[in-house]
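Chemist: Build the 3D model from these lines:
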Amino acid sequence: MSGICGQYFFQSGKRVSKELIAKMSARLYGCALDEARGWVQDNIGLGIEMWHIKDYENARQPFCNEDGSIFVSFNGKIYNYYEIKAFLIKKGHTLINHCDAEIISHMYEEFGLEFAERINGMFTIALFDKKKSFFLLVRDRLGIKPLYYSMGEGGITFSSTLRSLLQAKHVPDALDEMGINFYFTFNYFPCEYTPFKKINKLLPGHYLIAEEEKIEIRSYWQFNFQRQKHRSEHDYIDEFKSIFNDAVTRQSVPDAPVGIFLSGGIDSAGLAYYANIGNPSLKTFSVGFREKTFDERPYSRYLKRFLKTQHYEMELPEDLGSLMNVISTSLDMPVGEGSYVPLFVLSDFAKRHVGVVLSGEGADALFGGCQTYIADIAAKYCFWLPCLIRIHLSKILLHMLPRQETWMNIRFMLELFLKGIKDKRFIPHYFWREIFTEEEKELLYAPDFLKINNKNQFMGQAYSLFEKNFFAAKSDNFLEQALFFDTAVCLPDGMLQRVDMASMHSSLEVRVPFLDNNLVDFASGLPLHQKIRFLEGKHLMHKALKGVLPEKIISRSKHGMSAPVSKWLRSDLKVFAHERFRYAAKDLEKIINREYLLKLFNRHCEGKFDYGRKLWNMLIFFLWADDIKRENVE
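Modeler: Have a look, this model is predicted:
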């Protein structure tokens, strides 16, 4: 497991700097890895920072083919490695090592650009074909591993992390107004956007091809729905069990300690059950809160006893301010979900016991597990009511309900729901995801930043981006469109981004069996009524795991890893957050109206309003901006 970086110049006479590659390699993840290496040959330089799950003495990158004409740097894991290796040997290729990276150059020789479609895994790849003067970047199908690039200076500079990429002084660190505007809407930077104007993400399932001073970005795979012949529910259940079991087995490392992030929900419970079949010494890990409605440890303890795993648990530390200072150093880019805090702590905790964990990301989007899908159904029926009645009922209901700080309390869910059904011209699913409205941004933004947004017509672009990706689904059904958006955008840019940052900071490898190629393909062909039926999400998963897992887990309502950020901002982190909002990240005064932000904070602390999501979004942005500025100055 590793991070990759490098540089490629179009002109063969232009030489890549060894010092730059070494500097970028050393800043890939900034954690205690086993090795940092750089390799330069004329106009191509490849860097890598890695640790070894298994200590293969000859597993050194970059790898090349037999005649030394194709060079490869690889980050990730190939789950069908042994099948591919056997095929290549049968075809006459010489393979002398036992690591994933070695087979890439040989696959490229055998299949050309189609080689990536044959990999079942999580990965980013940089490949240079010396004979053809051909350079290639590749990212896995669903964006489990990140990859960034910047074009300029007659070539391409790339890296697994933004912090590494910014070591190249020719890569400008000017902030991107459009990307930042999107962050304040979605809580993450969607699609190709990053915080910086001249840095882009390579999209999931895409190549970047550089040849003869021409750059082409091309899709090789995209998630979408596949219509299949109808089968019985029993057949679907049998197939799910078989594919899910295979995915978990494939992603469990033989002869190496493997763990599970065990929350007590059906996703992690299913992973633990199948991983436990072939691994009686399975280790499971949970993190808890003092706030009882957020604490899932009673359920993870129950599962620990049922599955007889070696279970480890911890509680978040009391000194949250010190923890947030450490967390800020791990933020490659802002992701404003409060769940990042327990995930960061849990990753560090698990790393003391194992090198690899399995996690349940992807199950909700693929199999319809989010509460927002039920809200989408309810909204469709509410639109039958006239607008004035909807508004009047909203005011009455909200007036009746007190404010609470418990997990997913009724008032919070109702406020979010009522926001989504105000105007039938807009898609409600957008409003479940929205942090700051366009009207709120006009108050949040500093005058000059607001002028830039208005001049370039950035205001309103967030909804346009959402709508474009929502309707990219090969379906006219609004629920499948919501599932598609969450799989294609929310999953890679929000959920998987935070998992990669939190785990890689602790040198922990996190694998996501629900995103195994075969399981994703199965989910894409699964009829909607097998995912969401009436008001039940993950219908097929519940049916398949009934009798396998305890009824207490099967019938439990969706919880999900979250954090009591609204309470923290009023108590544990009140002083910490106030100081950051008032004094931190001075450069952000060109972007943020601090007076308005402090007004939101004060109202929140008084308990009259709940601005927890908005303020947490801003706090993470301030911490990231302060830390990355400090790092660049140093």
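
Chemist: need the contact list for the closest residue to Ile119 other than its chain neighbours.
Modeler: Distances taken as CB to CB, 6 or more residues apart in numbering place Ile78 nearest to Ile119, at 5.6 Å, with adjacent residues excluded. C-beta here means a position set from N, CA and C on the backbone, and glycine is covered the same way. By CB atoms under 8 Å, 6 or more residues apart in numbering, the residues touching Ile78 are Ile84, Asp100, Ile103, Ile119, Asn120, Gly121, Phe123.

Chemist: Out of those residues, show me where the pLDDT dips lowest.
Modeler: Minimum pLDDT for the contacts of Ile78 is recorded at Asp100 (86).

Chemist: how much space is there between it and Val72?
Modeler: Distance, Asp100 to Val72, using CB to CB, to the nearest Å: 10 Å.

Chemist: same deal with Thr157?
Modeler: 18 Å.

Chemist: So these two - more neighbours on which side?
Modeler: Neighbours were counted for Thr157 and for Val72 using other CB atoms under 10 Å; Thr157 has more, 28 against 24.

Chemist: which neighbours does the helix or strand harbouring the more buried one have in its sheet, and in what orientation?
Modeler: Element membership for Thr157 (DSSP states H and E) is strand 155-159. Strand pairing for strand 155-159, determined by DSSP bridges: strand 2-9 (antiparallel), strand 148-152 (antiparallel).

Chemist: Show me which parts of the last one are buried, residue by residue.
Modeler: Within strand 148-152, the residues that qualify as buried are Tyr148, Tyr149, Ser150, Met151, counting by 16 or more other CB atoms under 10 Å.

Chemist: The third one touches Leu162, doesn't it?
Modeler: No. Assessed by CB atoms under 8 Å, Ser150 is found out of contact with Leu162, at 9.9 Å.

Chemist: so what sits against both of these two?
Modeler: Ile199.

Chemist: What ranges does the stretch 151-300 of the chain have for its helices?
Modeler: For the stretch 151-300 of the chain, applying DSSP state H, counting those that start in this stretch gives helices covering 162-165, 177-186, 233-250, 266-277, 297-307.

Chemist: Using CSV, lay out these together with mean pLDDT, mean neighbour count and distance to His93.
Modeler: Below are the helices of the stretch 151-300 of the chain laid out as CSV (pLDDT from 0 to 100; neighbours: other CB atoms under 10 Å; distance: least, CB to CB, whole Å):
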stretch, mean pLDDT, mean neighbour count, distance to His93
helix 162-165, 95, 24, 32
helix 177-186, 95, 22, 42
helix 233-250, 96, 17, 23
helix 266-277, 94, 23, 33
helix 297-307, 94, 18, 42
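
Chemist: I'd like those written out as a markdown table, with distance to Glu509 added.
Modeler: Below are the helices of the stretch 151-300 of the chain laid out as a markdown table (distance: least, CB to CB, whole Å):
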| stretch | distance to Glu509 |
| --- | --- |
| helix 162-165 | 18 |
| helix 177-186 | 27 |
| helix 233-250 | 15 |
| helix 266-277 | 15 |
| helix 297-307 | 21 |
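
Chemist: what's the closest of the ones you listed to Pro257?
Modeler: Evaluated over these, closeness to Pro257 peaks at helix 266-277, with 11.8 Å, by CB to CB.

Chemist: Any chance you could list what contacts that closest one?
Modeler: Taking CB under 8 Å, 6+ apart as the rule, helix 266-277 contacts 244-245, 248-249, 252, 258, 260-262, 282, 284, 303, 307-309, 358-360, 363-364, 369, 513-514, 538, 541-542, 545, 548-549, 553-554, 556.

Chemist: In strands, which of those fall?
Modeler: For the contacts of helix 266-277, the ones inside strands are Val258, Ile260, Phe261, Thr284, Leu358, with DSSP state E as the criterion.

Chemist: Which of the helices of the stretch 151-300 of the chain sits closest to Glu579?
Modeler: Nearest of the helices of the stretch 151-300 of the chain (CB to CB): helix 177-186, 21.3 Å.

Chemist: for that closest one, packing partners?
Modeler: Identification of packing neighbours for helix 177-186 by 3 or more CB pairs under 8 Å, 6 or more residues apart in numbering; DSSP states H and E yields helix 438-444, helix 447-455, helix 461-470, helix 612-633.

Chemist: and the ones you listed, which is most packed in?
Modeler: Highest mean neighbour count of those: helix 612-633, a mean of 20 (counted as mean count of other CB atoms under 10 Å).

Chemist: Least confident of the strands paired with strand 155-159, on average?
Modeler: Across the strands paired with strand 155-159, strand 2-9 gives the lowest mean pLDDT, at a mean of 91.

Chemist: Going along the chain, name the helices of the stretch 451-600 of the chain.
Modeler: Using DSSP H, counting those that start in this stretch, helices in the stretch 451-600 of the chain cover 461-470, 478-485, 496-504, 517-524, 539-545, 551-554, 565-570, 574-583, 594-606.
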